[in-house]
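# The following block contains a protein sequence and its predicted model.
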Amino acid sequence: MNPKIISVQAKADTPQPQFHARDFRRLIRICCRYRGLLLAGLMLTVVFACFHTASVGTAFPVFKILLEEEGARGWTNRLLAGRRLDVTFAPLTDEHMVVIANVETDSAAYQAGLRWGDGVEPPEGTVASKWLEDIAHTPSNAPINLEAFPAGDRSAARRTVTLTVKDLDTAHRSLRWAASVFLPSSDADKMTTLTRLLIALLIVVTVANVFRFFGEVFVAKAVLRAMFDLRAQLYQRTLRLPLSFFTGRESSDIVGRFVQDIQEIQRGMITLFSKFIREPLRAVFVLGFALFLDWRLTLTVVLVTPIVVAIFWRVAKSVKKSNRKLLHAYGVMIGALTASLHNLRVVKAYTAERREEEKLDDIDWRVFKQQLKLARLQALVSPTMETIAIVAISVLTLWLAQRVLAHELELSRFATLGIALSLLFDPLRKLSDVYVRVMRSTAGAERIFQVLDHPIEADLSSATIELKALENAIEFDAVTFTYPAAEQPAVRDIRLRIHKGETVALVGPNGCGKTTLVSLLPRFFDPTTGRILYDGIDIRESTLESLRRQIGLVTQDAIIFAGTPVENIAYGQNGHDPTRVRDAATRAFADEFIRGIPGQYEAALGERGSTLSGGQRQRLAIARAIFRDAPILIFDEATSQIDSESERKIQTALREFSRGRTTIIVAHRLSTIQFADRIVVMDAGRIVDSGTHRELFDRCPLYRTLCETQFVTEPRG
């Protein structure tokens, strides 16, 4: 495996980075299968955001107590009294006078003659703070007489203004209730008030985080279930893809999609459904609170948002591109590591540990560089956001301080605004992580959906013919096949008729197309041109399942699955008869070694049958074909790695089992060639001759050369 493929192939396979809305919508639809869990999580998140804003709002009365003489209770009474009289009262500076800070032109107070800056004297014998408290708690629609005088002129004659006390809206009634519960009757005991507020803050924060915990758990459960479903779809689709999809593609690339790509999608979706809802809600609620405190200043801060969004967009595009390359690099690394471990015996035998180590280190170094590039991009977001936030907060602090010094803004409001606006940047900063995660997940989604959208074998044909057992012959009619991306055909203009019950051996130099030819019969690939006829029916017009039911296959590399001998012999069958399993094993000469291993037919054979010898694996594969009992047998002989005793048993099993069956053998042994009814000689993808062993030895130079130089003969005593 060439380590350079990480950068070269990744670059070739990577389209221009962009947000693929279609893939994103598909991910959302998959997650929405568990909409109940998602909705529960989102509702809990909304509750958390409300409580979080409430905890921020607690800062205002705390600052009122600590920074201003008026105190929290005085501020509450002043606010409520002004609300009920349709005016805004300025903070008290004199217990014998209240100043109107603002009055709307469409209010009843304005119509009655009150103006901005007018002074109002409380009733005789009542201080201003107590008078405001009485108004805050006066029943609705009660008349109130105000003794008012023009702005700044306390010597002017008083005029009596009569106003009707308005009812409070829900928010202000809640504020009045909270003040009566948490604030003492007098602000003189400020420590008591502060203690109560901090206890309330602790309760609110605790409740908020409980809701947050359960909200995140529900979202995570929904996403994890959705990823389970997505992996199941990927399993199902991958196993049904045509072999052409895998031609020229590393298996580690497919494995990487099951592991790294799904993991990226999982992280992105969890982040999306938790932070993407939670952080904007936090921002909206905190923004509403900040607007309540000072709407002009807050709107000025919001102008910074487009700069933040532009940074998100630029960085996220780069993150997606780098992450796609990283996912591919992971696949290459998995492939190289798997190859080294699978071939560990050869590595050790040739003392090539150092070479393999250097190769893996080289690949891992390239993965490291991709990881580092991605880490740099992700690390860039938070510092950039914090820098912007510090600059904005510094400018705002100067502005707010100037307004405080000019007596245009209360000190407590200044401190609370500072906290609210700084907290407004925190959700925006966390949203940057959401966007990056989502972009990374869509990079993984592209690779997943490439597999899910690729046509499976059943989609490539609308055939409906159900094949029965072979009655006449199989015919290759001018068949030519070229592998995807190959320049030259693997087989050319093959014309071959194989009669029912006939045993045909295919021989020829390595790479002449023997295995390719037999791979066309079960439709692992379809001919580029020409037809393969089964009793006169083009096999492309038959269903794949009915075609493959007629074929028993023993591959050149005897495939043994991790499991027991029973599971391997009865592979692909729904249920099995133990007697039939043992009979198949006996006929394949596998029973004798199975009974000799601990556990016998229920023994664990290890990955790829690692506990068995080459001959034992081959006999077990033949037992699988015997158990299937198909009328056609394809045997891609692989006897170069087995001893002569195993070869003799395999040849005996093959001769017995092939009787009455149509058998195609890719032959490497002279004993197998002599056993065949007919021998077909291939070279460079073409059939050059066919006949019996004696006929071909006399007239076919290539066959004679193969017999003399390449065919492995039986040992002579």
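Right, received. Where do you want to start?
# so which strand or helix has the nearest residue to Ser244 once chain neighbours are set aside?
Leaving aside its chain neighbours, Ser244 sits nearest to Pro484 (5.3 Å; criterion: C-beta to C-beta, 6 or more residues apart in numbering). The way it works is simple: take the backbone N, C-alpha and C, and place the C-beta from them, glycine included. Take DSSP states H and E as the rule and Pro484 turns out to sit in neither a helix nor a strand.
# Name the helix or strand for Gly596, please.
Using DSSP H and E, Gly596 falls outside every helix and strand.
# State the number of residues packed around it.
Using other C-beta atoms under 10 Å, Gly596 has 9 other residues around it.
# Distance check, it against Leu612.
For Gly596, the distance to Leu612 equals 11 Å [C-beta to C-beta, to the nearest Å].
# what do you get for Ala226?
40 Å.
# coming back round to it: the residue nearest to Ser244: how many residues sit nearby?
13.
# From what I see, it and Leu243 are in contact.
No - if you go by C-beta atoms under 8 Å, Pro484 and Leu243 don't touch, sitting 9.9 Å apart.
# ranges for the strands of the stretch 401-550 of the chain?
With DSSP state E, counting those that start in this stretch as the criterion, the stretch 401-550 of the chain has strands at 473-481, 491-499, 503-507, 529-534, 537-538.
# Where does pLDDT dip in the stretch 1-150 of the chain?
1-20, 55-72 (pLDDT under 70).
# And the strands in it?
Going by DSSP E, counting those that start in this stretch, the stretch 1-150 of the chain shows strands at 88-89, 98-102, 119-121, 143-149.
# Can you lay out the ones you listed as JSON lines showing mean neighbour count?
Shown next, in JSON lines, are the strands of the stretch 1-150 of the chain (neighbours: other C-beta atoms under 10 Å):
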{"stretch": "strand 88-89", "mean neighbour count": "19"}
{"stretch": "strand 98-102", "mean neighbour count": "19"}
{"stretch": "strand 119-121", "mean neighbour count": "20"}
{"stretch": "strand 143-149", "mean neighbour count": "16"}
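# need these in a markdown table with distance to Gln111, can you?
A markdown table is the format used below for the strands of the stretch 1-150 of the chain (distance: least, C-beta to C-beta, whole Å):
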| stretch | distance to Gln111 |
| --- | --- |
| strand 88-89 | 16 |
| strand 98-102 | 14 |
| strand 119-121 | 16 |
| strand 143-149 | 14 |
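# Arg661 is nearest to which of those strands?
Of all the strands of the stretch 1-150 of the chain, it is strand 88-89 that lies closest to Arg661, at 99.4 Å by C-beta to C-beta.
# so which strand or helix has Asp167?
Per DSSP H and E: nothing holds Asp167, as it lies in no helix or strand.
# wait, doesn't it sit right on Ser140?
Yes - using C-beta under 8 Å, Asp167 and Ser140 qualify as a contacting pair, with a distance of 4.2 Å.
# Quick check, pLDDT for the residue nearest the centre of the chain.
By C-alpha atoms, centre = their mean, the mean C-alpha position of the chain lies nearest to Ile265, the distance being 1.4 Å. In this model, Ile265 is scored at 81, pLDDT.
# Can you list the helices and strands that whatever helix or strand it lives in packs against?
Secondary structure from DSSP H and E places Ile265 in helix 262-293. Counting by 3 or more C-beta pairs under 8 Å, 6 or more residues apart in numbering; DSSP states H and E, the packing neighbours recorded for helix 262-293 are helix 21-31, helix 35-57, helix 190-239, helix 295-302, helix 411-452.
# before we move on, the earlier item: from what I can see the residue nearest to the centre of the chain touches Glu446, true?
No - taking contacts as C-beta under 8 Å, Ile265 lies outside contact range of Glu446: 10.3 Å.
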